[in-house]
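In: Show me how the following folds:
(one chain, ligands or ions: 1)
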Amino acid sequence: MSGIDVLRDALRNKGTAFTLEERERLGLAGMLPPRVEGVAEQVARVLAALRGQPSAMAKFGYLSALRDENETLFFRTLIDNLEELVPIVYTPTIGEACLDWSRIYLRPRGLYITPRERGCMAAVLRAWPRREVGIIVVTDGGRILGLGDLGANGMGIPIGKLALYVACAGVDPARCLPVTLDVGTDNASVREDPLYLGRREPRLAGPAYEELVGEFVMAAQEVFPGVLVQFEDFANVNAFRLLAAYRARVCSFNDDIQGTGAMGLAGLYAAQRITGTRLTDQRLLFFGAGEAGLGMAELVAAAMVREGLSEAEARRRCWLFDSKGLVVGGRAALAGHKRGFAHDHAPIGDLLEAVEAVRPTVLVGASGQANAFTAPVLAAMARLNDRPVIFALSNPTAKAECTAEDAYGATDGRAVLATGSPFAPVTLNGRTHFTGQANNSFIFPGVGLGILASGASRVTDEMFFAAARALADQVGPEDLAAGRIFPAAARMREVAASVATVVARVAFAEEFATRAQPPDLPASIRAGMYRAEYRDAA
Ligand code: NAI
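Out: Numbering: from 1, shown residues only. Below is the predicted model:
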C-alpha cells in the first residue's frame, strides 16, 4: 500500500506526522501540507477544532470523523484529555448520538447481526478484518441508557464502550469488536422513521431470540477462542436470563448488572470515609429495581454478608422501589430476581412515603426517571441523616433522578452525592461541591484488561468484589475533601490499571487464568497498555 491509500487507511495514517523520509518512500510527496508535526501538535490542533464546535453532538461528529481518518490520533487525543472527552464519546453525548444514529451515520464500524445471519454467524464473524479480537461488547438495543428500545440505533453504545476500553484501560483497539444484534424494535417511532437503518420488524422473542443470541455467543467463542463477551444495554427481561445462561459457560458478564454493582459498592466504601459509618450500618433504598438497582443490591448484600451479617439481615437492609411502588412481600406477580428483597410491609406507592418508612441512609436512583428525587424527598433524606448518601445513577444527564444543584440545595450541602453523568461543580454558601461520577466506566475497562492479562476463562463475583475495593482505594483524601466519592475522570487509566491487577490476581487465585502469571503483575499490566503512539511506517 502506498500513496493516497496510506492516508486513507485510518490504522496506518499519521497525517502531518509522516516524516519527510516516509513521505518520499510511501509516495506521499505533495499530498500533505509541507510542515512535519509531532503528535502533540496534532493533538493541539484537534483540541482547537473541537473546542470551536458549537455543540456536544458537533464534537461527537468531529471525533468520529477523526477516528475514521487517523485512529492513533483519535485515541491519543482521548487518552490525553479523558475528563473533557469521555462525556463526548460516551455518556451523556452518546445518548443523543444513538437517538440520531440513522441520521448521522456515515461509515460502518462494528458488526450488525440479524436473523438473516442465523446459521452462518461464525462466517460473518470470521469476515471481521482483525483476528486478535479479545473483547466483544454486544447489545440488542433493547434498553439504551435510560432511553428505552432504540433497535439498531443502539450501536453507539458498544462503539462508545469499546472506545473507553482503549482510552481508559489501554486495550489495543485491534482487540475490540462492537456488535449489535438487530432483532427488530418495538419502538414504533424508531421503526417508522423513514431514515431508520435497522430492521423494520417487531422485536424477535421466545425461542427464535434465544437461538439467535445462543448462536452468536457460541460463534464468537469458535472464531475468537476465549473472547470476553460483555452484554450491554439489553432490556432487563432478557438481561438477567442471558447472564444466568452464559456466565458459567463462557467468559462473559453483564456490565449493567455486575459492573454497576461493583461501581456502586465502591461508591459506598468511599462514602463511608465521609460518613464515618460501616457498610453493615447502611440501609439502602433503591429507586429503580432493574439491572442497575438489583445488580448493586445483590453485590452490596453479598458484601454485607462478607462483613458479618447473615444473609437475611443483609437483604433486610436493602429495599427496592419500582414502577409499582415499594417492593413488598405480598405483591402479586413479582419477578423472580426481586423476590430476595421483597420485605414484609404494607404497599407504598409514593417515594417520599417510602423514604419516611424505610429511613434509608443511602438512596440510589436507577430508574431512568428524571427529577424523581424531588426537593421533599431530598429534604427527608437530609432530616434522617447527618450526611445523606444520594446516588442518581440514571443516564444520560436529562434522565438523572436529581441534578447536583437540587441535591446540594435541598440538603444544605450535606448530601454525599454521585451521579451517572457528569455535573458541573456547585457553589453553595461559599462552598464548592464537586460531584463524583458514579459510572461503571470506572469498573468495566479494568475488568476487561484484567481478563485479557490473565486469559481468564470466566468472570466471577470475586472479581467484582476485588474491583470495587480497588476502585474505592483510588479515591484519595483530596477527592473526599472536595466531596467526590469517585476519582476524577482524568485518572481513569490509573484506576483501570489497579482494577485490572486485582481482577487478574483473582483469576490466577481461582485458577481461571490460562496465561502464566508474570513475576510483577502490576508492572506487566501497565507496560502492556496501549498508548496510541505512531509506529514507524513500513
Ligand atoms: P431497567 O429497565 O432494568 O430498570 C429500570 C427500573 O426502574 C425498573 O425496575 C422499573 O420498574 C423502574 N422504574 C421505571 N419507572 C419508574 C417510576 N416511575 N418509579 C419507580 N421506578 C420506576 O434499567 P437499568 O438497566 O436498571 O437502568 C436504569 C438507569 O440506570 C438507566 O438510566 C441507565 O442509564 C442507568 N444506569 C447507569 C449506570 C451508571 O454507571 N451510572 C449503569 C447502569 C445503568
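In: all contacts plus neighbour counts: C-alpha atoms, from now on.
Out: Noted.
In: Flag every residue of the stretch 51-200 of the chain that's near the ligand.
Out: Residues of the stretch 51-200 of the chain lying close to the ligand by CA under 6 Å from any ligand atom are 145-146.
In: So which residues of the stretch 51-200 of the chain form helices?
Out: Counting by DSSP state H, counting those that start in this stretch, the stretch 51-200 of the chain has helices at residues 56-69, 71-80, 82-89, 93-99, 101-104, 121-126, 156-169, 188-191.
In: winner for burial among the ones you listed?
Out: helix 156-169 (a mean of 26; mean count of other CA atoms under 10 Å).
In: what's the angle from it to helix 71-80?
Out: If you take axes from the mean of the first three to the mean of the last three CA atoms, to 10 degrees, helix 156-169 sits at 70 degrees to helix 71-80.
In: Make residue 1 into 15 and carry on from there
Out: Got it, the first residue is 15 from now on, which makes the last one we talked about helix 170-183.
In: Tell me which other helices or strands helix 170-183 touches.
Out: Counting contacts by 3 or more CA pairs under 8 Å, 6 or more residues apart in numbering; DSSP states H and E, helix 170-183 is packed against helix 85-94, helix 96-103, helix 107-113, strand 149-153, strand 190-195, helix 458-468, helix 506-523.
In: I'd like the helices of the stretch 65-214 of the chain written out as a markdown table, with distance to residue 286 and mean pLDDT added.
Out: As requested, the helices of the stretch 65-214 of the chain are exported to a markdown table (distance: least, CA to CA, whole Å; pLDDT from 0 to 100):
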| stretch | distance to residue 286 | mean pLDDT |
| --- | --- | --- |
| helix 70-83 | 35 | 98 |
| helix 85-94 | 31 | 98 |
| helix 96-103 | 25 | 96 |
| helix 107-113 | 31 | 97 |
| helix 115-118 | 41 | 97 |
| helix 135-140 | 46 | 98 |
| helix 170-183 | 26 | 98 |
| helix 202-205 | 44 | 97 |
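In: Dump those into CSV; add distance to residue 190 as well.
Out: Output for the helices of the stretch 65-214 of the chain, formatted as CSV (distance: least, CA to CA, whole Å):
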stretch, distance to residue 190
helix 70-83, 14
helix 85-94, 13
helix 96-103, 16
helix 107-113, 18
helix 115-118, 20
helix 135-140, 13
helix 170-183, 6
helix 202-205, 28
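In: Minimum distance to residue 241: which of these has it?
Out: Between residue 241 and the helices of the stretch 65-214 of the chain, the shortest separation by CA to CA is 12.2 Å, and it involves helix 135-140.
In: contacts for the closest one?
Out: Residues from elsewhere that reach helix 135-140 (CA atoms under 8 Å, 6 or more residues apart in numbering): 127, 131, 229-230, 233-234, 236-237.
In: try 10 Å this time
Out: Contact partners of helix 135-140, identified using CA atoms under 10 Å, 6 or more residues apart in numbering, comprise 125-129, 131, 141, 145, 191, 193, 226, 229-238.
In: May I have that helix as CSV, with CA atoms only?
Out: Taking C-alpha atoms only, helix 135-140 is exported to CSV below (Å, rounded to 0.1, in the frame of the first residue of the first chain):
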residue,chain,number,x,y,z
MET,A,135,-22.8,-16.3,12.2
ALA,A,136,-19.3,-17.8,12.5
ALA,A,137,-18.7,-16.9,8.9
VAL,A,138,-19.9,-13.3,9.5
LEU,A,139,-17.5,-13.1,12.5
ARG,A,140,-14.7,-14.6,10.5
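In: hey, what's residue 268 bridged with?
Out: For residue 268, the beta-bridge partners under DSSP bridges are residue 245.
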